[in-house]
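Asker: sequence first, predicted coordinates after that:
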Amino acid sequence: MRFTSIPTTQRRRLNLATITLLVLSLLLAACGGANASSGSNAGSKPTVVIGYMDDGAEPELIAIAQKLFEKDMHANVQIKYFDSGPASLGAIASGSLQFMTGIGNPPVVSAITKGIPLQAIWVQELYNQDEGLVANKSAGISSIKDLKGKSVALVLGSTSEYALNATLNKAGVDPKSVHKLNMAPPAMRTAWLNHSIDAAYVWDPVLDALHQNNGTLLGTDLDVKQEAPVYNLSVVNSSWAKDNAALVKGFIQAQSEAVTYYQQHSEDALKIMAKQDSISVDVARTEMTGFQVFSAQDQSSADGLGQSNATAQSLVAKSFVASAAFMKSIGTLASAPTDFSQNVNPGYVNDYLKASK
């Protein structure tokens, strides 16, 4: 399995130029996406590109370390790293990326509303305490209300902005009274040490690092689970998936085997995740406690993808609706769709489970 690192710095919200690029890329996907899984000749393995984010310790790291994607998909698998969900949208649109994993619901909604054919096919985790709001003790912030006039670093257009706005509104703080600084998570570490930011809304491992370095945790996604549920999702280019169902099934199998390994061999799994993410086992354990992890059997639950005939009632679909409403409120969407049932697809998991019996 080959890793390709894509260096990125700060990510802007989707402006007109970016939207134009995505639309043009979508047109290219119709031509290039269909060939993405084709080998150099009829007898060779297909090549599949899977996007990956560093969301801290999570079972997917086991699938990567043990090369389960290659084994179960019977393909040449390339893993491309992105430091945020919005950063991956161009690659998804162009067809150069067939799967994106660990992506949050707001970037997925952004892509869907631009016409990119995406479906959520696997729920990796629901955030409880693995993403949150942390303030630098030197900034004199002891409560959420103290954030008025302060600077908060976050990735604009990501789950962090979505959850931050819900957190501020719930505390009676106008989101416009807070200075939002668009910043990639790795850059937040330096800004924190330089006292260039007063607070940050970010996910692990950076959340934990800032908290341990003179930080005060003001809240987590668990505090706004009903107002703004935040997920790590695996999504697929649905146009590509229709013609490559066997590869999608293999992808699902790899994710399922990784979760099962974590459930049955938790200590060894934590060691694998820690090594893969260059963190200690104790940090990996702490991070995993901040997630609600979904197995293959959990995917059809109300908190997961839901039932095939009622995906609109799933919390994932509802999180898409909430994300769209949030994005409209900050001006990144002209209108907010209220039905994402076609973008939540438990069918691939159901087919995998039936075949596994």
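Answerer: Nice, I can see it.
Asker: surely residue 148 and residue 173 touch.
Answerer: Yes: taking contact to mean Cβ atoms under 8 Å, the distance of 6.2 Å between residue 148 and residue 173 places them in contact. C-beta here means a position set from N, CA and C on the backbone, and glycine is covered the same way.
Asker: who has more neighbours out of these two?
Answerer: Set side by side, residue 148 and residue 173 show unequal neighbour counts under other Cβ atoms under 10 Å, the larger going to residue 173 at 18 against 13.
Asker: who's in contact with that one?
Answerer: When contacts are counted by Cβ atoms under 8 Å, 6 or more residues apart in numbering, residue 173 is found next to 144, 145, 147, 148.
Asker: separation between the second one and residue 228?
Answerer: I take that to be residue 145. Computed as Cβ to Cβ, to the nearest Å, the residue 145 to residue 228 distance reads 19 Å.
Asker: higher neighbour count, the two?
Answerer: With neighbours defined as other Cβ under 10 Å, residue 145 and residue 228 compare such that residue 228 has more, 25 against 12.
Asker: backbone dihedrals for the more buried one, please?
Answerer: Here is the backbone geometry of residue 228 (degrees, to the nearest 10): phi -150, psi 70.
Asker: quick one: low-confidence parts of this protein?
Answerer: 1-43 (pLDDT under 70).
Asker: can you do 50?
Answerer: Low-confidence segments of the chain, defined by pLDDT under 50, are located at 1-35, 38-42.
Asker: can you map out the helices along it?
Answerer: Ranges of helices in the chain, per DSSP state H, are 16-32, 60-65, 68-73, 89-94, 105-113, 159-170, 185-193, 206-212, 238-242, 245-264, 266-277, 281-289, 315-329, 347-356.
Asker: between those helices, which one is closest to residue 178.
Answerer: helix 159-170 (6.5 Å; Cβ to Cβ).
Asker: could you give the angle of that closest one to helix 315-329?
Answerer: Calculated by axes from the mean of the first three to the mean of the last three Cα atoms, to 10 degrees, helix 159-170 forms an angle of 80 degrees with helix 315-329.
Asker: list the buried residues for helix 159-170?
Answerer: By neighbour count on 16 or more other Cβ atoms under 10 Å, the buried set for helix 159-170 is 159, 160, 161, 162, 163, 164, 165, 166, 167, 168, 169.
Asker: ditto for stretch 207-225
Answerer: Counting neighbours by 16+ other Cβ under 10 Å, one finds that the buried residues in stretch 207-225 are 207-211, 215-216, 218-225.
Asker: quick one: terminal-to-terminal distance for it?
Answerer: Separation of the first and last residues of stretch 207-225 by Cα to Cα, to the nearest Å is 18 Å.
Asker: that one: how far from the chain's middle?
Answerer: Mean-position distance between stretch 207-225 and its chain equals 18 Å (Cα atoms, centre = their mean, to the nearest Å).
Asker: and the residue nearest the centre of the chain?
Answerer: Centroid check for the chain by Cα atoms, centre = their mean gives residue 103 as the closest residue, at 1.7 Å.
Asker: what about the closest residue to residue 241 other than its chain neighbours, how many neighbours?
Answerer: Nearest non-adjacent residue to residue 241, counting by Cβ to Cβ, 6 or more residues apart in numbering: residue 248, 5.0 Å away. Residue 248 has 27 neighbouring residues, counting by other Cβ under 10 Å.
Asker: contact partners for residue 248?
Answerer: Residues in contact with residue 248 (Cβ under 8 Å, 6+ apart) are 121, 236, 241, 348.
Asker: most neighbours among these, which one is it?
Answerer: Neighbours here mean other Cβ under 10 Å. Within these, the largest count is held by residue 236, at 28 neighbours.
Asker: now do the contacts for that one.
Answerer: By Cβ under 8 Å, 6+ apart, the residues touching residue 236 are 98, 99, 118, 119, 121, 248, 251.
Asker: strands - which of the residues you listed land there?
Answerer: Filtering the contacts of residue 236 for membership in strands, criterion DSSP state E, returns 99, 118, 119, 121.
Asker: dump the residue contacts of the third one.
Answerer: Meaning residue 119. 235, 236, 238, 241, 342, 343, 344, 345.
Asker: that one pairs with what?
Answerer: On DSSP bridges, the residues paired with residue 119 through beta bridges are residue 236.
Asker: that one and residue 230, how far apart?
Answerer: Residue 119 is 19 Å from residue 230, where distance means Cβ to Cβ.
Asker: same deal with residue 278?
Answerer: Distance from residue 278 to residue 230, by Cβ to Cβ: 24 Å.
Asker: closest one to residue 312 out of the ones in strands among the contacts of residue 236, please.
Answerer: Sorting the ones in strands among the contacts of residue 236 by how near they are to residue 312, with Cβ to Cβ, puts residue 119 at the top with 13.8 Å.
Asker: distance of that closest one relative to residue 306?
Answerer: Plainly put, residue 119 is 13 Å away from residue 306 if you go by Cβ to Cβ.
Asker: who touches both of the two?
Answerer: Common contacts of residue 119 and residue 306 (Cβ under 8 Å, 6+ apart): residue 344.
Asker: measure residue 311 to residue 302 for me?
Answerer: With the distance defined as Cβ to Cβ, residue 311 ends up 11 Å from residue 302.
Asker: got a markdown table for the helices of the chain, with distance to residue 45 too?
Answerer: Supplementary listing: the helices of the chain in a markdown table, determined by distance: least, Cβ to Cβ, whole Å:
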| stretch | distance to residue 45 |
| --- | --- |
| helix 16-32 | 19 |
| helix 60-65 | 18 |
| helix 68-73 | 9 |
| helix 89-94 | 21 |
| helix 105-113 | 28 |
| helix 159-170 | 34 |
| helix 185-193 | 34 |
| helix 206-212 | 36 |
| helix 238-242 | 17 |
| helix 245-264 | 10 |
| helix 266-277 | 24 |
| helix 281-289 | 32 |
| helix 315-329 | 32 |
| helix 347-356 | 20 |
